[in-house]
Structure formats: C-alpha cells, structure tokens
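> Quick one: sequence plus predicted model below, questions after.
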Amino acid sequence: MKFLINICFLFFIPVFAKAQSDPYIESWTNQQADSLRMELNHTSNDTMRMRLSRSLGWHYEDSERDSSLYFHEQELALAKKLGLKLWEADAFDAAGWVSAQLKNYARSLEYFLEGIKILENKDCEKDIWYISLFSKDKDPEKARLTCLGFIYNDLSQLYRNTGNKSKELSTLYKGLEIGTDINNYTLLALITSNIAYNYYDNNQLDSALTFGRQSLEYMRISGYKSYKGYVLNTIGLIYLKENRYALARQYFDSSLSANKEENNLVNLAYTYFYLASLYKSEGKIDSSIFYTKKVLTDFQSLGLSGGASQAYDSLYYLYKSKGNTDSAYAYIQLSKIFGDSLNKAEKDKMYAYQNLGFNEQIKSQQQENARIQRENTLRTYALIAGIAVFMLIAFLLYRNSRNRKKANELLQKQKTEIELQKKNVEETLSELKSTQQQLIQSEKMASLGELTAGIAHEIQNPLNFVNNFSEVNTELIDELGVEAEKGNLDEVKAIARDIKANEEKINHHGKRAGDIVKGMLQHSQSSKGQKELTDINALCDEYLRLAYHGLRAKDKSFNATLKTDFDNSMGKINIIPQDIGRVLLNLITNAFYAVNEKVKMNPGGYPGDKYEPTVSITTKKINNTIEIKVADNGNGIPSSIKDKIFQPFFTTKPTGQGTGLGLSLAYDIVKAHGGELKVESKDGEGSQFIIQLSI
C-alpha cells in the first residue's frame, strides 16, 4: 500500500513545483522542500528516493550548495544501483555543476566527462524511466539530447571558473546547436545567458547585449525564470561599463526583484555588489560602502570566497578614496590574509583539475594508438591480398600468350627462380626478425635498468628518512615504558611529543615517495587525444601567458620579459593540441625557473650590466617542417649534463621541487608526433629548446 502511495506522490511532484513549462527544470519553495525531505526520510523505495534526491538537489543549488551536492550524489548512487543510464548522466551533470561552484574543479571535470560519455552513446535512450521529465513529447532521442545540451552548458561554467574562456565559448555553442535542433527554449535561455556574459567578459559589449536580450526573450517564451536576475545583471554591467548609469540602475533593480522572487540568493548577493559598483562610479562613496559591507556578509554566508575577496578589495579602495587610512589599512590587511588562503586553496584545486585533464588525454591517446594499430594491420592484409591477386592475373595472362611447350618451360624456370627468391626472402626475414627481437630486448633491458636506477635513487632518500625515524620511535617507545613505570609523567609527555613529531616526518616522507611513484605512473602512460588542425601560434601564445600567470600567482615578486616572434605564413597544422600544449607548458615553465634562479643568485644586480630576465618563443616554417623555439637568458645547461636532461628522473632542481619526469615526457610526446626535441645551450648565457614537427 505504501508503495502505491509513493508512486502517486512521485507523479504529482510537478503539481507542487513553481510554474515552469519545462519539466526538466525544478523549482521549489522552502515549505515544499521540507515536505520532500520528510518523504525522502520515510520511503524505502529506491526509485522514489532517486527522484526525490534530484528535486532536493535542484532546490539547494543556489542557496546551500553543500546540501545540493549531497542530494545529487545520492541521486547518482541510486541511478547506478537501478541501472538507469540517462538518470545517471543527469546526476553526473548536476553534481558536476555544483562541484564547479564549490571550486572542486577536478571532481567537476570527472563528473562531466562521465556524463558526456554516457550521453554520446545512443544506448542510453533505451528504457528511460519517467521519460516525460526529460522530454515533454516522450521522445527518447530528444530526452538524451536535452541532457547533453544542459551538460555542455554546465561544463562551460567549469571552463569559465578555470579561466579557459575560449573553451567556455566553444562548449556553449555546442549546447546552442543542440538547443536549436530540438527547440528547447529553456536550454536556449540558459545557453544564451552564459554566452552574453562571456562576450561581456571579453569586452565585446554589442554581442553581449544581443545575446542577453535574446536570453530574456527565450525565458519569456519558455516560462523559465530561475536565472532571469543573472541575465539582467549582465545587461546592467554592460551599461555600467558604457557609463550609462540610469539604464544600469534600471536593470539592477529589475534583477533584485527577479532574484527575490526566485529565491536565488547567490545572484541576489552579486546584484547588491554590482549596485555598490554603480554607486562608486557615480561618486556616492557612502552608499557604495554600505552595499559592499552588506554583500560581504552575504558572500561569506554563502561560501562565495571569490566574491568575498572582491568585496574586501573594494572596501579598501573606497575608504582610501575617502582618505580614511585606518579603515583602508584594516581592509587591505583582511584582503591579504583572505587572498593568501584563497590563492593556496585555489591553486591546489587547479592542480588536481589539471592532473585529471592530463590523465584524460593519456587515456585518449592509448585508444587512438590502438585504433591506428588496427587500421595498419587491416591495410597490410589488404595490400598482401592485392599483390597476390595481381601476381595471379599476370601469371595467367603470360601463360596464355605463349604456346603450351614454351609456357611449361618458362613456368618451370620461373618456379625455380621464385623458390630461390622465396628462400632468400625467408632467410632475410628470419634474420631481420631475430635482429629486431634482439634490439627490442636490448632496449627493454636498458630502459628497465635506467628506470630501476631512477626509482631507486628517487625513492631511497624518503625511505631512509622513514626507516630512520621508525628506528628512533622504537627506541623512544622503550624509553616511554621505562619512564611510565617510574611515574615520571613530564618525561612521558616529552617523549610522546617526540614520537608524534617523528610520526609526522614519517608521514611527510612517505607522501613524498608516493608522489614520485605517481609521477612515474603518469610517465609510463600515453595520451588519448585526437589530432586536429591547430593554430600553433595561438597555442604557443596561450601557454606562454598561462605559464607566466601561473608563476606570478605563486610568487608575486617574479617578473620576466615575454617575447614572441610568430611566422604567420604557416597556417594550421595537424597535431594533438593538448599534448603539444603540455610540452610547451613544461618547456616555458622550465625557462621561467631558469631566469628566476639567475635573479636569485645575484639579488643585488650584476655590476655594469642590468640583467633583464627574458623568455621568448618563436615559430618558423622551414620547407615541410614547423620549428618552435623556447629560449631563456638564464644560466644555461652545463655541457656535462646536457645529454642527460631527457632521461627519466634526472633533474637539476633541489630535492622536493621536481621528479625529473617533465622533459622526458615532453620528449616522448614530440616523438609520438613524428618530430624531434633538441636543446642548445651556452653556460652562463641561456638555453633554447627546439621542437621540429613535420607538416
């Protein structure tokens, strides 16, 4: 009986939601959410629990994001248990979006990729439970494409949060194409709202305004209003940037009303912050301070660390403009403390995100290599078959052109020659196979010896520390027992503190050994990306800026001159952009490290010659070859170690700052592209790494 009640409640869920014409989008009042939670706590039916978890996850997305993530991950677990693939992809999408807002970028990317993998397979169109939630006309293909369109929209926000504006825009246009094909105005409203903000962020204000107004029209048609305040904010910001203050205020006021109506606390907080910016632009400093202080509390309560950091900076400049140095100093100190902790947390999350991205590339390369190997095998078989057919036809034509006697004599002669050639070919082939096997075995043994020596060298130091501190702890524990029997409590506490300190050191060096092994495993894998026509100049420029700003984020004192010289005649070349980008990032980062080390060697400057740390990157087309040079004016590479720098585990960096796998991995990637990676260096003057790729 209770099962029937649960099922009835399930299909009446849309009746209690706010009026939204698209059933995919859910919106609830707090009172309705309380009823849903009560029902979730009392039902034992997994299908019902999955449905309720989705609803609660949607409700908390813009107010309590930790709760939202909890319910979406519960939806995911139940969908997997029930074998409902489309629901599983839907849960991956929602959990990925919330994770991105919580700045857990690695987990967010993992969720989105898993969801896309499911949705790109048409098998997930089979047996869709409660299909009307995803497609009003119950079309399985539209249900799948609806989920895929929304996941592209949400993935674009991850790219925005991680600073990849170009990927954000390209992903949004994928979603826009799907939304247009299936006439889903709710999806189109969301996609165009995010395209509008992307163009605003890139200072393309006319395009931003066009897409913003288009988004409002799609919201009017679809009845979807949850992010209406977000679009109104974007248009207000456009007018604010154009110094059209009256229009900006009009849209910000409309946004306040829309956000309050939809209970969108996140967008409401940002609206107040934008109003504070408007007052500042109008010279109304006191009003700007009032709204900034108000929104600072809202940002902190909502866990919006980025907004809180902006609010601290804004209060500093506002008080400074008023001449209130005490308050300005207080807020700049708060901003620094908050910013330092925020930057560290953000850096850790970006590192995990980049590692996951690299791992996905490696898996893709493995699949691509397997595919190429299969195709090569098929081509070889086809070639052998073609040669055999050709030889047979030639033999038949030749035999019929001669009389029987000459044909038989000639055939006998040819047979003898063929047998001799076959014997010679077989002997040659046998010798080649034997030589090949010997070379392969020799190479394997050499690589194994080199790898074993590298592992032993890198892991021995942390293991020595672990063993030494373990032996010391054994002795301390014996002493602890003796002192405990004596009743010497102070000595017992002192020994216990020593034991704890040693355990922390054991843990530290154990993690160091684990990092080395992790790097070794990464080095042993290969990428999974697909080749595509790529603008190599744009790729070089992108990774040069990425590396520079990455180092500046770690060390504010770091500065270097960036120089580029690109050959615009080369056009696009066919490469795996993620892999070559990874090589460029490694080489450029090493170049910045080299010039920074040279600065540190003589912080007071060089007598008679002001040293200017410089990193340059050039591209040039030479016949059928593309040449990329990454150069620095650091200390250079000594001749004695130049032949070792591409070996695994060889590094010139201090212990703990590098595993010696970067250049080795870069060398392997360039080789896999059929190219060459070379180095030229002058001791004390600098180095340049040269990548040569065939067109």
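Thanks, I have it.

> shaky segments in the stretch 401-550 of the chain?
Under the criterion of pLDDT under 70, the regions of the stretch 401-550 of the chain flagged as low confidence span 401-402, 407, 432-461, 515-529.

> All the helices of it, in order from the start?
404-486, 489-524, 536-554 (DSSP state H, counting those that start in this stretch).

> Name the residues of stretch 279-295 that are buried.
Of the residues in stretch 279-295, those with enough neighbours to count as buried (16 or more other C-beta atoms under 10 Å) are 279-280, 285, 288-289, 291-292, 295. To be clear about C-beta, it is placed using only N, CA and C from the backbone, and glycine gets the same treatment.

> returning to what we had before: packed most tightly, which of the helices of the stretch 401-550 of the chain would that be?
Comparing the helices of the stretch 401-550 of the chain by mean neighbour count (mean count of other C-beta atoms under 10 Å), helix 536-554 ranks first with a mean of 17.

> Give me the next element, helix or strand, following that helix.
Taking DSSP states H and E as the definition, the helix or strand that follows helix 536-554 towards the C-terminus is strand 561-565.

> how far out from the middle of the chain is stretch 241-259?
Relative to the centre of its chain, stretch 241-259 is centred 34 Å away, using C-alpha atoms, centre = their mean, to the nearest Å.

> oh sorry, the question was meant for stretch 413-431
Mean C-alpha position of stretch 413-431 versus that of the full chain (C-alpha atoms, centre = their mean) differs by 56 Å.

> Tabulate the CA atom coordinates of that stretch in PDB.
Taking only C-alpha atoms (Å, rounded to 0.1, in the frame of the first residue of the first chain), the coordinates of stretch 413-431 have been written out as PDB:
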ATOM      1  CA  LYS A 413      62.200 -21.700 -64.900                       C
ATOM      2  CA  GLN A 414      60.000 -19.100 -63.100                       C
ATOM      3  CA  LYS A 415      59.100 -21.600 -60.400                       C
ATOM      4  CA  THR A 416      62.800 -22.300 -59.800                       C
ATOM      5  CA  GLU A 417      63.600 -18.600 -59.600                       C
ATOM      6  CA  ILE A 418      60.600 -18.000 -57.300                       C
ATOM      7  CA  GLU A 419      61.600 -20.800 -55.000                       C
ATOM      8  CA  LEU A 420      65.200 -19.400 -54.800                       C
ATOM      9  CA  GLN A 421      63.900 -15.800 -54.200                       C
ATOM     10  CA  LYS A 422      61.400 -17.200 -51.600                       C
ATOM     11  CA  LYS A 423      64.200 -19.000 -49.800                       C
ATOM     12  CA  ASN A 424      66.400 -15.800 -49.800                       C
ATOM     13  CA  VAL A 425      63.500 -13.700 -48.700                       C
ATOM     14  CA  GLU A 426      62.600 -16.100 -45.900                       C
ATOM     15  CA  GLU A 427      66.200 -16.200 -44.700                       C
ATOM     16  CA  THR A 428      66.400 -12.400 -44.800                       C
ATOM     17  CA  LEU A 429      63.100 -12.100 -43.000                       C
ATOM     18  CA  SER A 430      64.300 -14.600 -40.400                       C
ATOM     19  CA  GLU A 431      67.500 -12.600 -39.800                       C
END
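
> From the rest of the structure, what touches it?
Stretch 413-431 is touched from outside by no residue, with contacts defined as C-beta atoms under 8 Å, 6 or more residues apart in numbering.

> And for stretch 479-496, what's in contact with it?
So stretch 479-496 is in contact with 476, 499, going by C-beta under 8 Å, 6+ apart.

> how distant is that stretch from the center of its chain?
From the chain centre to the centre of stretch 479-496 is a distance of 52 Å (C-alpha atoms, centre = their mean).

> could I get it in CSV with only the CA atoms?
Extracted as CSV, the C-alpha positions of stretch 479-496 are listed here (Å, rounded to 0.1, in the frame of the first residue of the first chain):
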residue,chain,number,x,y,z
GLU,A,479,62.1,4.8,27.0
LEU,A,480,58.4,5.8,27.3
GLY,A,481,57.7,2.4,29.0
VAL,A,482,60.6,2.9,31.4
GLU,A,483,59.6,6.4,32.4
ALA,A,484,56.0,5.4,32.7
GLU,A,485,57.0,2.7,35.2
LYS,A,486,58.9,5.3,37.2
GLY,A,487,55.9,7.5,37.2
ASN,A,488,57.8,10.4,35.6
LEU,A,489,54.8,12.0,33.8
ASP,A,490,56.6,15.1,32.5
GLU,A,491,59.2,12.9,30.8
VAL,A,492,56.5,10.6,29.4
LYS,A,493,54.8,13.6,27.8
ALA,A,494,58.0,14.9,26.3
ILE,A,495,58.8,11.5,24.8
ALA,A,496,55.3,11.3,23.4
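
> Please renumber the chain so that the first residue is 103 from this point on.
Will do, 103 is the new start, and the previous item becomes stretch 581-598.

> Ramachandran coordinates for residue 193?
With angles defined as degrees, to the nearest 10, residue 193 sits at phi -70, psi -40.

> so who does it touch?
Residues counted as contacts of residue 193 (C-beta under 8 Å, 6+ apart) are 156, 174-175, 177-178, 181.

> The residues you listed in helices, which ones?
Secondary structure assignment (DSSP state H) places 156, 174-175, 177-178, 181 from those within helices.
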